[in-house]
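*Asks:* Attaching a predicted model along with its sequence, questions to come.
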Amino acid sequence: MIFSRLTSNGAGKGCEVRATLCRAGELDEIHSRWVENRNRRTDDPGYQESWYDEQCGGCRFWIPLSGALGSDYGACANSASPFDGTIRFEHDGCEEFEDSGSWAVPDDA
């Protein structure tokens, strides 16, 4: 399986995409590990109904990853969020949510 990542080209003039080969099952392992870091779990009895409309994938600060992981994960770019600069599950959320008006999907989806 192949997924892409952005890397600096070293010249400060943007990024390039590099393909990386993953061993069989590696993306499943990554998903299992990352999904455990959710802030809000939809299966939690304390999950609030209003949070269904405030998930990361619909936040204006959500940047989806490219490749296979981008269908579920992205980076938070909200400086007010405790999760700024971290990879988050698209159905997670936080108190700093700002509605983008649509659900974000990766460009290569």
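*Replies:* It's in.

*Asks:* Strands along the protein, start to end?
*Replies:* 2-8, 15-21, 62-64, 73-76, 87-89 (DSSP state E).

*Asks:* what mean pLDDT does the second one have?
*Replies:* What that stands for is strand 15-21. For strand 15-21, mean pLDDT is 46.

*Asks:* Show me which positions of stretch 41-51 end up buried.
*Replies:* residue 51 (16 or more other CB atoms under 10 Å). (Glycine included, C-beta is placed from N, CA and C.)

*Asks:* and the closest residue to residue 65 other than its chain neighbours, bridged to which residues?
*Replies:* Of all residues not flanking residue 65 in the chain, residue 73 sits nearest, at 5.1 Å (CB to CB, 6 or more residues apart in numbering). Counting by DSSP bridges, residue 73 forms beta bridges with residue 89.

*Asks:* about what we covered before: would you single out the least confident of the strands of the chain?
*Replies:* strand 2-8 (a mean of 40).

*Asks:* how many neighbours does the closest residue to residue 35 other than its chain neighbours have?
*Replies:* The shortest distance from residue 35 to any non-neighbouring residue, by CB to CB, 6+ apart, is to residue 89 (5.6 Å). As a burial measure, residue 89 scores 21 neighbours (other CB atoms under 10 Å).

*Asks:* and residue 89, what is it in contact with?
*Replies:* Residues in contact with residue 89 (CB atoms under 8 Å, 6 or more residues apart in numbering) are 34, 35, 37, 38, 56, 72, 73.

*Asks:* how close does residue 59 get to residue 102?
*Replies:* 11 Å (CB to CB, to the nearest Å).
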